[in-house]
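K.L.:
could you look at this predicted model? Sequence included:
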Amino acid sequence: MGRFGDATAVKEIAEGRYAVELDGGYGIAEALNGGYLLAVLSRAALAASPHAHPVATSAAFLRVAKPGPAEVVVETRRVGRTVAMSRVTLVQNGDALVDAQVTTGTLDADAEPVWEGGAPALPPLEDCVGATPAEVDRGFTDRVDLRFDPATLGWLDGKPSGRPEARAHFRLRDDDHPVDAHVLALAVDALFPVVFNTGAYGWAPTVELTWHMRAVPAPGRLAVHGTGRLVAGGWFDEEIEVRDSAGRLVAQSRQLARAGRGGK
C-alpha cells in the first residue's frame, strides 16, 4: 500500500466501527493535516458502502487530531442503487474530532464531460518552486511533493500578492500509491492557506470543509489551484480545484477557516 496507504488504513473492529493509527508524519506544527483526516474518513466510508467513490463530503472540524490510535464510526443513513449516505465521525480518546456526512457513489472512469470550464493557468513544473527533502523529518512537507507557482510565494519574503491565492503541482513522494480518491482528499487541503497572500500569517484552522470527487483521476501529478472570495473579521474562505495529468477536473472543495493575525 505504501506509506500513505498504511497511514490511512482502517480495520473493522465491529459493525460500523473502524480502528486507525493516525500517522504523525502527516502533521503540520501541532495538528494533523485536515486532508489527511478526510482521507481516513473516506476509507472508512467506502469500507461500509457498496459504492466505490466518496462523491461528496461535508466535514466539521471540532478538535485538533493528534498522532496515535483513533476510531472512525460510520452510521449508515441511506443505501440506494446509485448513492449511499453515512455520518462518519473520527473519535479519539472519547472525543469527536471530525464529524462528516459522506455520500458515496460509483463514477464511470470513461465518462466524458458534457461541458467543463477552462483550466486555470499553472506554470510548467520546471518553472515552479518546491522543497527538497531534508535529513530531519519535517512531517507533511516530506510526505508530499508540492511545486508552487512562484507568483503565489511572495508572502514568504514579506511581499504578499494581496490576493488570496495558491497554486502548485502535487504528488505523493510515496510513488507506490496510486492517484485515487483518498489522494484527492489529501490534495484539496494540501496548499498553504490562501489567506497568507493577504498578509494574514499564522495558524489558519479549518472550521468546515466540503469537497466533491468529480472524476476518476488519471495517473500522474495533480494541479491544485486555490483562491478565496472574502477575508474579513478573522475569517476567510478557500476554494480548491484539482485537475489530473490529463487536465480534467477531478476534485473541488470549499472551506471556511479562521485567519491568522495580520489580515484586514
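P.N.:
Great, that's in hand. Just so it is clear, the structure is predicted and the values come from calculations on it, not from any experiment. Numbers count the residues shown, from 1 in each chain.
K.L.:
just checking, V74 touches V88?
P.N.:
Yes - counting by CB atoms under 8 Å, V74 touches V88, with 5.3 Å between them. Backbone N, C-alpha and C define where each C-beta goes, glycine included.
K.L.:
strands of the stretch 151-264 of the chain, start to end?
P.N.:
Here the stretch 151-264 of the chain has its strands, by DSSP state E, counting those that start in this stretch, at 165-172, 206-213, 222-227, 231-232, 235-243, 249-258.
K.L.:
for A70, find the nearest of these.
P.N.:
A70 lies closest to strand 206-213 among the strands of the stretch 151-264 of the chain, at 17.7 Å (CB to CB).
K.L.:
packing partners of that closest one?
P.N.:
Using 3 or more CB pairs under 8 Å, 6 or more residues apart in numbering; DSSP states H and E, the elements in contact with strand 206-213 are helix 34-47, strand 53-61, helix 181-187, strand 249-258.
K.L.:
between the ones you listed, which gets nearest to V114?
P.N.:
If you check each of the helices and strands packed on strand 206-213 against V114 by CB to CB, strand 249-258 wins as the nearest, at 12.7 Å.
K.L.:
who touches that closest one?
P.N.:
Strand 249-258 is contacted by residues 113, 116-117, 119, 184-185, 187-189, 193, 195, 203-217, 222, 234-244 when judged by CB atoms under 8 Å, 6 or more residues apart in numbering.
K.L.:
with stretch 63-79 instead?
P.N.:
10, 13, 16-24, 27, 30-32, 37, 40-41, 44-45, 47-50, 84-92, 95-98, 101, 205.
K.L.:
of all the helices and strands packed on strand 206-213, which one is nearest V144?
P.N.:
Ranking those by distance to V144, with CB to CB as the measure, places helix 181-187 first at 7.3 Å.
K.L.:
and the lowest-mean-pLDDT helix or strand in the chain, how far from the chain's centre?
P.N.:
Across the helices and strands of the chain, mean pLDDT, DSSP states H and E gives its lowest value to strand 27-28, namely a mean of 88. Here strand 27-28 is found 13 Å from its chain centre; the criterion is CA atoms, centre = their mean, to the nearest Å.
K.L.:
packing partners for that strand?
P.N.:
Packing contacts for strand 27-28, counted by 3+ CB pairs under 8 Å, 6+ apart, involve no helix or strand.
K.L.:
so what strands line up beside that strand?
P.N.:
The pairing partners recorded for strand 27-28 under DSSP bridges are strand 31-32 (antiparallel).
K.L.:
residue ranges of the helices in the stretch 1-150 of the chain, please?
P.N.:
For the stretch 1-150 of the chain, the helices defined by DSSP state H, counting those that start in this stretch occupy 2-8, 34-47, 140-143.
K.L.:
just say which of those is most tucked in.
P.N.:
Mean neighbour count (mean count of other CB atoms under 10 Å) peaks for helix 34-47 among the helices of the stretch 1-150 of the chain, with a mean of 26.
K.L.:
that older thread, contact partners of the least confident helix or strand of the chain?
P.N.:
With CB under 8 Å, 6+ apart as the test, strand 27-28 has contacts from 33, 67, 139-140.
K.L.:
are any of these buried, and which?
P.N.:
33, 139-140 (16 or more other CB atoms under 10 Å).
K.L.:
can you add pLDDT and give these back as a markdown table?
P.N.:
As requested, the buried ones among the contacts of strand 27-28 are arranged in a markdown table below (pLDDT from 0 to 100):
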| residue | pLDDT |
| --- | --- |
| N33 | 96 |
| G139 | 85 |
| F140 | 91 |
